[in-house]
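Q: A structural model of the following input is requested.
(3 chains)
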Amino acid sequence: MENIFLDFTSESGIFKDKEVLRPAYIPAYLPHRKKQIKNLAGALSAALKGETPPNIFIYGKSGVGKTATVKYVSTELEAICKKIDSKCAIVYINAEIFDTQYRVFAYLARVFNKRVPMIGWPTDMVYSEFKDGVDAEKRCVIIILDEVDKLASKGDEALYNLSKINSELNNARLCIICISNDVTFMELQKPGVRASLSEETILFPPYDAYQLRDILVDRAEKAFNISVLDDEVIPLCVAFAAQEHGDVRKALNLLRVSGEIADLTKSKKVHVEHVRRAREHIDEGRITEVVKTLPLQSKLILNSVIRLNSEGGKTHLFSGEVYNTYQNICDHLGIESLTQRRVTDLISELDILGLIDARVVNRGRYGRTKEISLIVPTEYVQSALTGEYDEALLSIKQKAESSTA
DNA sequence: CTTCCACGGGAACACTGGGGTG
DNA sequence: CACCCCAGTGTTCCCGTGGAAG
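A: Predicted coordinates for the structure are as follows:
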């Protein structure tokens, strides 16, 4: 029998090295970021002279090379430190994953060889463990806090503690690099924290169309075999990305998926048509993924919106109607419904996820509401919802049965 | 000027899953 | 082992508030 993997082993006619297009790939050459690299390197160079580098705040929209630049510069720094035998430790934390004060400190403490459980201790204990760990040696420690805005709401305490930690250290010198997508993030912090964490700030402006093109061409040369790309492919990817405030990550992803589709259809070249299909594919995939991972109650709310759309034929709904329908559905399923207050929050979450558009409107005599409309194709949501819906119902049934038994 | 409805901030609570201690 | 402590999450309760229609 033929091996089932045989089909996949054959050399792709399209790709040379697909990894180059993945978000995790850190290029050795970052076009149009010379200034930022220089500034960052300049600030961090203090570490080499035995001084404490300033805390740095880096901001700019997503996909403009912030993380790539910081990682690139920090690995360079690490290399040179090793060479001149200067003690230096660099820790990278993504605050989207370690998104509370406890988790951040617990992770840091572990990095510095302390045994701390990921849950259970009082926070101040974890904090002092971390401090001891860092202070154990005379060295320069650089902590990179990526996506720091994700930490803000739940863990601004963490930022406060970090901002004043240097005064409590005897041996080590600590430098914090905060990376944020949210431009206004630092302005929202307490003055003391802000001053301390943004001793140096570096702005990453969005790429313009020409710069995007440069980057895409550069990567495409590494990723694809020679001349498999139609001439219009890159300009089209650039055009789509430009709509997304110059997000390179999205552009590269689009390019990769286009190539995959071309590969899959046994096409010898990547055509504009493949890019269009890739875009649809990415859109649908994203929406399906988001809807599927929604908590049950949010799904029910989304379902209410869809139902009102299809039955009432209205595209713009008021929160009152949505809440009523939601309650009906809950009754029908025998689920406890949430309060209006809570539903308001869930609706806002759906808004942030980009599934619906929810604007507060004042309707005078008729009070204040949210005007809600679905902003993604109903079919995508519907299909993602129905699959999960049955499972949810099933589990509810099972729960009911087991509780009566 | 009143009235109306739900927005959205904040406190309080319940619950979970993990600690340490005697 | 029983028991209490702790952070984190999802929720409810309470309530002051916006602002155009009437």
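
Q: for chain A, what are the low-confidence residue spans?
A: Applying pLDDT under 70 to the predicted model, the residue ranges of chain A that meet it are A:1-12, A:152-153, A:155, A:387-405.

Q: So it: which segments form each domain?
A: In the domain annotation for chain A, the residue ranges read A:33-203, A:208-288, A:294-392 (automatic domain parsing).

Q: measure the longest one end to end?
A: Going back to what we said before, that points to domain A:33-203. 11 Å (C-alpha to C-alpha, to the nearest Å).

Q: Would it count as contacting DNA strand C?
A: Yes. Using C-beta under 7 Å from any atom of the strand, domain A:33-203 reaches DNA strand C at A:99-103, A:119-124, A:154-155. For every residue, glycine as well, the C-beta is placed using N, CA and C.

Q: Including neighbour count and distance to DNA strand B, could those go into TSV?
A: Converted to TSV, the residues of domain A:33-203 next to DNA strand C look like this (neighbours: other C-beta atoms under 10 Å; distance: C-beta to the nearest atom of the strand, whole Å):
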residue	neighbour count	distance to DNA strand B
A:Asp99	18	16
A:Thr100	16	12
A:Gln101	21	14
A:Tyr102	22	10
A:Arg103	20	12
A:Ile119	8	4
A:Gly120	10	2
A:Trp121	16	6
A:Pro122	9	8
A:Thr123	16	11
A:Asp124	10	13
A:Lys154	14	13
A:Gly155	23	15
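
Q: coming back round to it: with distance to A:Pro23 added, can I get the domains of chain A in CSV?
A: Supplementary listing: the domains of chain A in CSV, determined by distance: least, C-beta to C-beta, whole Å:
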stretch, distance to A:Pro23
domain A:33-203, 9
domain A:208-288, 5
domain A:294-392, 19
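
Q: For A:Phe15, which of these is the nearest?
A: Evaluated with C-beta to C-beta, the domains of chain A place domain A:208-288 nearest to A:Phe15, the distance being 5.9 Å.

Q: Just the endpoints, please. Distance across the closest one?
A: Distance between the boundary residues of domain A:208-288 (C-alpha to C-alpha) amounts to 31 Å.

Q: Can you name the residue of the stretch 151-300 of chain A nearest DNA strand C?
A: In the stretch 151-300 of chain A, the residue found nearest to DNA strand C is A:Lys154; the distance is 4.9 Å by C-beta to the nearest atom of the strand.

Q: My guess is that residue contacts A:Thr100. True?
A: Yes. Taking C-beta atoms under 8 Å as the contact criterion, A:Lys154 and A:Thr100 are neighbours in contact, 5.1 Å apart.

Q: Give me the subset of the residues of domain A:33-203 next to DNA strand C lying in helices.
A: When helices are assigned by DSSP state H, the members of the residues of domain A:33-203 next to DNA strand C inside them are A:Gln101, A:Tyr102, A:Arg103, A:Thr123, A:Asp124, A:Lys154, A:Gly155.
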